[in-house]
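# Compute the structure for the input listed below.
(one chain, ligands or ions: 2)
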Amino acid sequence: MAPFLRLRTSLNVLQGTIIFRSRTLGGFGRGVRSYTAISSPEQALLKLEEEIRRIQTGKLSQDDEIVQIRHQFDAAKQSFLSIPEALKGIPKMNPEGIYVNKNLRLDSIQVYGFDYDYTLAHYSSALQSLIYDLAKAHMVNELKYPEICMKFKYDQSFPIRGLYYDKKNGCLLKLDFFGSIEPDGCYFGRRKLSKEEIVEIYGTRHIGRDQARCLAGLMDFFCFSEACLISDIVQYFVDAKLEFDACYIYEDVNRAIQLVHRSGLVHRGILSDPHRYLVKNGQVLRFLRMLRDKGKKLFLMTNSPYYFVDGGMRFMLEDSIGYGNSWRELFDVVIAKANKPEFYTSEHPFRCYDTRTDTLAFTKVDAFHSDKVYYHGCLKSFLQITKWKGPEVIYFGDHLFSDLRGPSKAGWRTAAIIRELEHEIDIQNEDSYRFEQAKFHIIQELLGKLHATVASSQGSKTYLLLLDELNEERQKARLMMKSMFNKNFGATFLTDTGQESAFSYHIHQYADVYTSKPENFLLYPPEAWFHVTYDVKIMPHHVKVPSRFFENR
Ligand SMILES: Nc1nc2c(ncn2[C@@H]2O[C@H](COP(=O)(O)O)[C@@H](O)[C@H]2O)c(=O)[nH]1
Ligand SMILES: [Mg+2]
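Numbering: from 1, shown residues only. Ligands and ions are numbered 1, 2, ... in the order given. Okay, the predicted model is just below:
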């Protein structure tokens with residue numbers, strides 16, 4: 001948040017100087033109005049000084065206030081013509097950095113746990129196409145959806161992580177930090193709904209408790225295929241003018257998706273062509289080995305079946321220089337088919353899995369051996385067997401509810417792995433994005449001032465004209481920011497106005513730290529202390545004093 005504070009200060013200064021420039025130009029934008037008709041720069045200056053005096057002495061009339069906001073707006077628009085130098089100097093965020101929600105001391109962490117899919121293993125977008133195609137085929141062949149659905153293609157550019165499908169109304173929604181629908185983030189099928197349509201369906205933009213019960217969260221990369229298939233099927237029904245219940249579409253798509261995972265179709269598909277789907281990664285091996293060399297305990301806990309993890313790990317690490325041993329030697333405990341998130345609350349026993357015969361043993365599991373593989377289980381037994389204490393364990397995972405919520409509630413420390421973070425930080429670092437955000441803030445502030453002018457002036461022509469123009473300019477900045485990310489739903493972590501999304505809220509709630517990939521930890525000392533930065537600011541009334549005030553002492 002520090003850069004924004006700094007930017008705001010710079011722009012306020014900037015605005016102050018520009019007011020004079022713009023006034024001497026006799027106004028900017030939509031034609032000359034009586035209140036900006038100024039014959040000479042001297043006259044402009046005199047009038048402005050008079051205005052300032054009146055503001056300072058508190059003798060401003062409502063009309064004067066509106067005129068003043070108009071001047072500030074015109075001046076601001078002048079400043080929007082080019083990116084201010086001050087803005088270019090704002091420090092960049094590290095796309096591979098580790099970001100901290102709760103203080104974390106790595107020297108007190110003795111045990112590192114890892115999820116597999118989309119945490120240790122990363123996949124290309126071809127995987128989402130594979131899941132989409134397999135589920136689509138199931139819907140046509142088994143659930144008797146029309147043959148024409150076979151022509152549908154996965155659209156990689158459509159979804160983002162953290163959307164919600166409303167099973168009652170059939171809309172795909174992006175929500176903000178407070179659970180309100182993003183004005184430009186509500187789709188029915190593949191069509192964006194207008195604000196009026198949103199209000200017609202939901203009453204307000206805010207999702208109430210009852211409505212929330214109908215929402216299905218689409219929280220990981222695997223869900224991209226689901227989000228896209230649901231929307232394509234809804235769109236098909238709309239285009240064909242067929243009546244449908246949105247809930248059934250969700251149930252059918254979800255059933256098809258479950259089937260392609262549970263049957264192993266996806267897993268076999270990936271292993272049959274690993275070069276196409278899996279991303280090789282020697283760095284993650286370096287990280288795991290470093291942890292082992294430091295004497296840390298390591299465990300792998302995944303919902304995937306063992307043969308799939310084994311095949312993937314061998315493929316990802318086979319080229320790594322100097323790696324002669326099996327990946328299994330890296331881990332003290334390997335648990336597959338863990339059935340997260342139920343793992344954290346259930347009382348399922350562990351079973352010892354025979355990798356050779358693909359069978360489960362009948363003997364009770366009361367100790368873990370590093371040369372064995374375990375299936376199922378639950379947190380309670382895991383803690384009884386390992387005797388590992390909550391705060392000394394950190395679990396790395398990509399899924400909000402399967403990997404982060406359960407462990408966080410159980411007292412483990414958590415690290416969220418969110419690949420999109422790198423790309424989103426890259427965009428946020430760009431001057432053009434920061435410029436739009438600064439514009440947005442300036443307009444927002446002017447709108448705030450305008451709304452604060454007393455009620456009686458609010459019907460006036462000058463008021464309404466200015467209101468329209470400010471709203472239009474704000475919308476332009478909002479859409480510019482959004483289009484820099486995903487063109488349909490914008491950024492994963494941010495709303496179109498640059499504030500936190502609902503996804504951010506959950507990350508804030510359940511992840512102690514978050515980063516784009518586990519090996520980013522190699523960029524920090526293994527005993528690093530991660531602190532929440534001083535300038536994280538969620539509540540609007542909190543003021544954080546930037547350290548630059550002490551810079552010249
Ligand atoms: N039954 C379902 N399985 C799913 C779904 N989405 C993903 N998956 C499978 O879960 C694991 C994830 O493993 P992890 O290492 O991240 O714990 C993987 O095997 C997927 O195929 C789903 O919606 N239903
Ligand atoms: Mg995962």
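# can you give me the helices in the stretch 151-300 of the chain?
Counting by DSSP state H, counting those that start in this stretch, the stretch 151-300 of the chain has helices at residues 195-202, 209-212, 223-239, 246-262, 265-272, 274-277, 282-293.
# Can you give the contact residues for the fourth one?
This means helix 246-262. 131, 134-136, 138-139, 142-143, 145, 165-170, 216, 222, 225-226, 229-230, 233-234, 237, 265-266 (C-beta atoms under 8 Å, 6 or more residues apart in numbering). Just so you know, the C-beta spots here come from the backbone N, C-alpha and C atoms, and that holds for glycine as well.
# The helix or strand containing Ser432 packs against which elements?
In this assignment (DSSP states H and E), Ser432 forms part of helix 431-452. Contacts defined by 3 or more C-beta pairs under 8 Å, 6 or more residues apart in numbering; DSSP states H and E place helix 431-452 against helix 2-24, helix 62-79, helix 85-88, helix 461-483.
# Which secondary structure elements does the last one sit against?
Packing contacts for helix 461-483, counted by 3+ C-beta pairs under 8 Å, 6+ apart, involve helix 62-79, strand 181-188, helix 431-452.
# How many neighbouring residues does Lys167 have?
20 (other C-beta atoms under 10 Å).
# Any regions of the stretch 1-150 of the chain where pLDDT drops low?
1-61 (pLDDT under 70).
# Any residues of it in contact with ligand 1? List them.
Asp115, Tyr116, Asp117, Tyr118 (C-beta under 6 Å from any ligand atom).
# I'd like those residues laid out as a markdown table, including secondary structure and distance to ligand 2.
As requested, these are arranged in a markdown table below (DSSP: H, G, I helix; E, B strand; the rest coil; distance: C-beta to the ion, whole Å):
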| residue | secondary structure | distance to ligand 2 |
| --- | --- | --- |
| Asp115 | coil | 4 |
| Tyr116 | coil | 6 |
| Asp117 | strand | 4 |
| Tyr118 | coil | 4 |
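# ok, so of the residues you listed, who is nearest Pro341?
Asp115 (11.5 Å; C-beta to C-beta).
# how about that closest one, what does it touch?
Met301, Thr302, Lys340, Tyr395, Phe396, Gly397, Asp398, His399, Ser402, Asp403, Ile417.
# Show me the subset of these that also lies near ligand 1.
Thr302, Lys340.
# From the contacts of Asp115, which land in strands?
Met301, Tyr395, Phe396, Gly397, Ile417 (DSSP state E).
# Count the neighbours of the nearest residue to the fourth one once chain neighbours are set aside for me.
If I follow you right, that is Gly397. Closest residue in space to Gly397, ignoring its immediate chain neighbours: Asp403 at 2.2 Å, by C-beta to C-beta, 6 or more residues apart in numbering. Residues near Asp403, counting by other C-beta under 10 Å, number 32.
# ok, residues contacting the helix or strand harbouring Ala137?
Using DSSP H and E, Ala137 maps to helix 126-141. Outside helix 126-141, the residues that touch it by C-beta under 8 Å, 6+ apart are 145-147, 149-150, 152-154, 156, 221-222, 224-226, 228-229, 233, 252-253, 256-257, 259-261, 265-266, 269-270, 276-277.
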